[in-house]
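> sequence and predicted structure below; questions after.
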Amino acid sequence: MSKILIVEDEIKIARFLELELKHEGYDVIIAGDGRTGLEKALNEKIDLIILDIMLPGISGIEVCRRIRQESMVPIIMLTAKDDVTDKVAGLDMGADDYMTKPFAIEELLARIRVALNRKNYMSDKKVETLQVGDLKLNLSSRTVFYKEDEIILTKKEFELLEHLMKNRNVVLTREQLLNNVWDYEYFGDTNVVDVYIRYLRQKIDEKYGIHLISTVRGVGYIIKD
């Protein structure tokens, strides 16, 4: 039975989520503020975290950042704000997914299943290294090196690079990247892909003077051997 931690200060929402998740067969624990949520996340065996951004004590963004220093447990962030800045900040701190209140419980349950399935898949995975030229990406240790120099990436930067490298020599559209890297079909502005491509180019292409990620105008992006 998967254990889910709900970090939510609105009692009615927390209780509603608890009842729905228990009905689906999950073990559920609740924290009503950021400090308590962080403590439970780091000291108990948790399989997935539902984390509100607006929390008393420590914000959800900061809780996510601190958890990611020690754990890769799946995190789905909730917020009342339909704000791209909050979305990017949450994803950049390592959140796996993001939902804006109010939301349909069926959609949240679907995203929970996706996140847990991915976690189980990664746990069962053998050590594997992807390489393009002098760039190496290790899927087990989640590290990236250019020759002997380690490149520090955020969680989403790593996953975007991983997907591009796994599909090298194939042009991937923005929609394909959103669906595969962000785990669900994204409606609206696809600018977030361009933003993260720019981050990767700054850390790899520009820093080492190479041309790793190519833009195919009107289509998307590609990494070539």
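Looks like it arrived, so ask away. Just so we're clear, the structure is a prediction, and the values are computed from it rather than from any experiment. Residues are numbered from 1 along each chain as shown.

> least confident secondary structure element in this protein?
Every helix and strand in the chain was compared by mean pLDDT, DSSP states H and E; the lowest is helix 84-92, with a mean of 73.

> give me the buried positions along the helix or strand that it is followed by.
From helix 84-92 onward toward the C-terminus, using DSSP states H and E, the following helix or strand is strand 97-100. If you call a residue buried by 16 or more other C-beta atoms under 10 Å, then strand 97-100 has these buried ones: Asp97, Tyr98, Met99. C-betas here are computed from N, CA, C, even on glycine.

> which residues pair with the last one across the strands?
What it means is Met99. With DSSP bridges as the criterion, Met99 is bridged to Leu78.

> test my guess that it contacts Gly90.
No: at 10.3 Å, Met99 and Gly90 do not qualify as touching, with contact defined as C-beta atoms under 8 Å.

> shared neighbours of those two, anything?
Counting by C-beta atoms under 8 Å, 6 or more residues apart in numbering, the residues touching both Met99 and Gly90 are Met77, Thr79.

> can you redo the buried residues of strand 97-100 as JSON lines with distance to Leu139 and pLDDT?
JSON lines is the format used below for those (distance: C-beta to C-beta, whole Å; pLDDT from 0 to 100):
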{"residue": "Asp97", "distance to Leu139": "20", "pLDDT": "87"}
{"residue": "Tyr98", "distance to Leu139": "24", "pLDDT": "85"}
{"residue": "Met99", "distance to Leu139": "27", "pLDDT": "87"}
